[in-house]
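*Asks:* Sequence first, then the predicted structure, then my questions.
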Amino acid sequence: MTAAAADFQPVTQPAIPVYDAVSLTRGGALAHIQLNDQVYALRITRAGKLILTK
């Protein structure tokens, strides 16, 4: 092993936040999410899928 290989440190990315969709909807099926001046609707379908619409 060379000195350069021994000094190599992998670049780590900050953790990506994880949010629970049921918590965001407070147990319901719909939540509004605001980004700047836009409001989006996050909906949990009966099939358990997520739909995000403007």
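*Replies:* That came through, no problem.
*Asks:* V22 versus I33, what's the distance?
*Replies:* Distance, I33 to V22, using C-beta to C-beta, to the nearest Å: 15 Å. Quick note: C-beta positions are derived from backbone N, CA and C, even for glycine.
*Asks:* let me redo that: A29
*Replies:* For A29 relative to V22 (C-beta to C-beta), the value is 9 Å.
*Asks:* Give the intersection of the neighbour lists for the two.
*Replies:* Common contacts of A29 and V22 (C-beta atoms under 8 Å, 6 or more residues apart in numbering): I44.
*Asks:* which is the next helix or strand following the helix or strand bottoming out on mean pLDDT in the chain?
*Replies:* Least confident helix or strand, the chain: helix 3-6 with a mean of 62, by mean pLDDT, DSSP states H and E. Note on helix 3-6: by DSSP states H and E, the next helix or strand toward the C-terminus is helix 21-24.
*Asks:* what comes into contact with that next one?
*Replies:* Contact with helix 21-24 is made by 31, 33, 42, 44, 50, as judged by C-beta under 8 Å, 6+ apart.
*Asks:* Out of these, the closest to V18 would be?
*Replies:* Among these, L50 lies closest to V18 (C-beta to C-beta), at 13.5 Å.
*Asks:* The closest one contacts L42, doesn't it?
*Replies:* Yes: counting by C-beta atoms under 8 Å, L50 does reach L42; the two are 6.5 Å apart.
*Asks:* what lines up beside the strand or helix carrying V39 in the sheet?
*Replies:* Taking DSSP H and E as the criterion, V39 maps to strand 38-44. Under the criterion DSSP bridges, strand 38-44 sits next to strand 30-35 (antiparallel), strand 50-53 (antiparallel) in its sheet.
*Asks:* need those strands in JSON lines with mean pLDDT and distance to D7, can you?
*Replies:* Below are those laid out as JSON lines (pLDDT from 0 to 100; distance: least, C-beta to C-beta, whole Å):
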{"stretch": "strand 30-35", "mean pLDDT": "98", "distance to D7": "41"}
{"stretch": "strand 50-53", "mean pLDDT": "98", "distance to D7": "44"}
